[in-house]
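J.: Give me coordinates for this.
(one chain, ligands or ions: 1)
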Amino acid sequence: QSTALEVAFQTRIDRGDKIEPQDWMPGGYRSTLLRQISQHAHSEYVGMLPEGFWITRAPSLHRKCVLLAKVQDEAGHAQYLYSALESLGMDRDVAYQELLAGRAKYLNIFNYPALTWADVGMIGWLTDGAAIVNQVPLSRGSYGPYARAMVRICQEESFHHRQGFDLIRVLVEGTPEQRLMAQQALDRWWWPTLMVFGPPDADSPHSQQSMKWGIKLYSNDTLRQKFIDQTVPQIHYLGLSVPDPALHLDPQTGHYQSGPIDWSEFRRVIMGEGQCNQHRLNSRRESWRQGAWVREAAACHAAKQAVPHKE
Ligand code: BYC
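T.: Residues are numbered from 1 along each chain as shown. Here you go, the predicted structure:
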């Protein structure tokens, strides 16, 4: 039985009002946002690692500058999202310690290695492409601070997506070896990218309630299909092939129908048993340890600033 407050809250959501931090909200709404935003923030943070490895290995100064800017953007996205979490009363240190302890989730995709330079392109073109499809609707979501963070994040993701496509375009126009490198990277990243959108709707425990609350606007399968429909023609344009023999354009629906996704792999990866889970977490823990002196110095500086200055 819904209380009067809950009914009034749902009316606001249905009307399209934004919910702000000082507003009353049901406990479940708050905890769903805390779960999703923290996973989102951690994904941006851990997501810097596969590409970060390639900054010192980029093939030209131009590519290095582009990649540096992209990775820096991702750190910024994590900061906006940790700020959105703070607006719900969760301290960023608390959220971050959950990640370091291995209890918090982040996107499956960042547990795969970036083996060649072409993988850097795939992360931009495919992963950021998927992120845009997922996040543009989130920028119209019901919680104000999260939705507003998404607006800026999506603008930056658009640059990330284009640089990834451009990197792959240059490879496919290069030598046969470079073309092969691009195809092999596509073979590695295609299926994990389709998994980014989350489990099929029938196995997605949170979707229905999240959509009722306007935290999610579309289901996982709807967004996955949108990504497939928009990306397959780009793959064909580049002369690459999708590593899915069952993929075909269904003339009745006008949508590309994909072959079966290996959901057992998805579950394994998000439970911590992917190729790089351990490595990613260890690397974040090491950064946390190495950054201790910076945190201490910043706290010391803040404490000095807080004391009234005497002439
Ligand atoms: N990976 O009921 P469901 C970026 C979990 S970073 C891991 O459908 P929901 C970038 C899910 O958490 C952009 N876990 O959940 C950065 C839940 O587990 P719990 C990151 C996943 O929340 C650097 C369970 O499965 N974007 O683009 O309704 C370089 C059941 O799922 C995944 C975001 O984070 C997954 N892929 O829907 C380049 C988007 N999918 O919590 C690029 C924000 C599901 O019950 N998040 N799970 O233990 C969302 O939109 C939603 O949370 C999801 C899942 C669509 C991901």
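
J.: Point out the residues in the stretch 101-250 of the chain that sit beside the ligand.
T.: For the stretch 101-250 of the chain, the residues in contact with the ligand (C-beta under 6 Å from any ligand atom) are 105, 107-108, 123, 127-128, 131, 134, 195-199, 204-207, 210, 216, 220. Where C-beta positions appear, they are placed from N, C-alpha and C, glycine not excepted.

J.: Give me the subset of those that lies in strands.
T.: Among these, no residue falls in strands (DSSP state E).

J.: And the residue of the chain found nearest the ligand, its phi and psi?
T.: Residue nearest to the ligand within the chain: Gly47 (2.5 Å; C-beta to the nearest ligand atom). Torsion angles at Gly47 (phi, psi; degrees, to the nearest 10) stand at phi -60, psi -20.

J.: pLDDT score assigned to it?
T.: pLDDT, Gly47: 95.

J.: Could you check how far it is from Arg15?
T.: Distance of Gly47 to Arg15, computed by C-beta to C-beta, to the nearest Å: 35 Å.

J.: Count the residues that sit near Trp189.
T.: 22 (other C-beta atoms under 10 Å).

J.: and it, what is it in contact with?
T.: By C-beta atoms under 8 Å, 6 or more residues apart in numbering, the contact list for Trp189 reads 109, 112, 119, 122-123, 126-127.

J.: Buried ones in stretch 202-221, by neighbour count?
T.: For stretch 202-221, a neighbour-count test (16 or more other C-beta atoms under 10 Å) marks 204, 207, 210, 213-221 as buried.

J.: From one end of that stretch to the other, what's the distance?
T.: 9 Å (C-alpha to C-alpha, to the nearest Å).

J.: Need the residues that contact that stretch.
T.: Stretch 202-221 is touched from outside by 10, 13, 28-29, 32-33, 35-36, 137-138, 140-143, 197-201, 226, 263, with contacts defined as C-beta under 8 Å, 6+ apart.

J.: again with stretch 278-291
T.: Residues from elsewhere that reach stretch 278-291 (C-beta under 8 Å, 6+ apart): 45-46, 49, 96, 99-100, 102, 110-111, 272.

J.: likewise stretch 180-188?
T.: 112, 115-119, 121-122, 126, 168, 171-172, 235, 238, 240-243.

J.: let's go with 10 Å and repeat that
T.: Residues outside stretch 180-188 that contact it (C-beta atoms under 10 Å, 6 or more residues apart in numbering): 112-123, 125-126, 167-175, 193, 235, 238-244.

J.: try stretch 262-275
T.: By C-beta under 10 Å, 6+ apart, the list of residues contacting stretch 262-275 reads 102, 105-113, 191-192, 194-196, 198-200, 203, 276-278, 280-281.

J.: what about Arg179, neighbour count?
T.: Neighbour tally, Arg179, other C-beta under 10 Å: 18.

J.: Now it: which helix or strand?
T.: Per DSSP states H and E: Arg179 is located in helix 176-195.

J.: Mind listing what's buried along that helix?
T.: Going by neighbour count (16+ other C-beta under 10 Å), the buried part of helix 176-195 is 178-179, 181-186, 188-195.

J.: Also stretch 233-247?
T.: Those would be 235, 238, 240, 242-244, 247, for stretch 233-247 by 16+ other C-beta under 10 Å.

J.: that older thread, separate out the buried members of the contacts of stretch 278-291.
T.: 45-46, 49, 96, 99-100, 110-111.

J.: okay if I get these as a markdown table plus distance to Glu74 and secondary structure?
T.: As requested, those are exported to a markdown table (distance: C-beta to C-beta, whole Å; DSSP: H, G, I helix; E, B strand; the rest coil):
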| residue | distance to Glu74 | secondary structure |
| --- | --- | --- |
| Tyr45 | 8 | helix |
| Val46 | 9 | helix |
| Leu49 | 10 | helix |
| Tyr96 | 15 | helix |
| Leu99 | 15 | helix |
| Leu100 | 18 | helix |
| Phe110 | 11 | helix |
| Asn111 | 16 | helix |
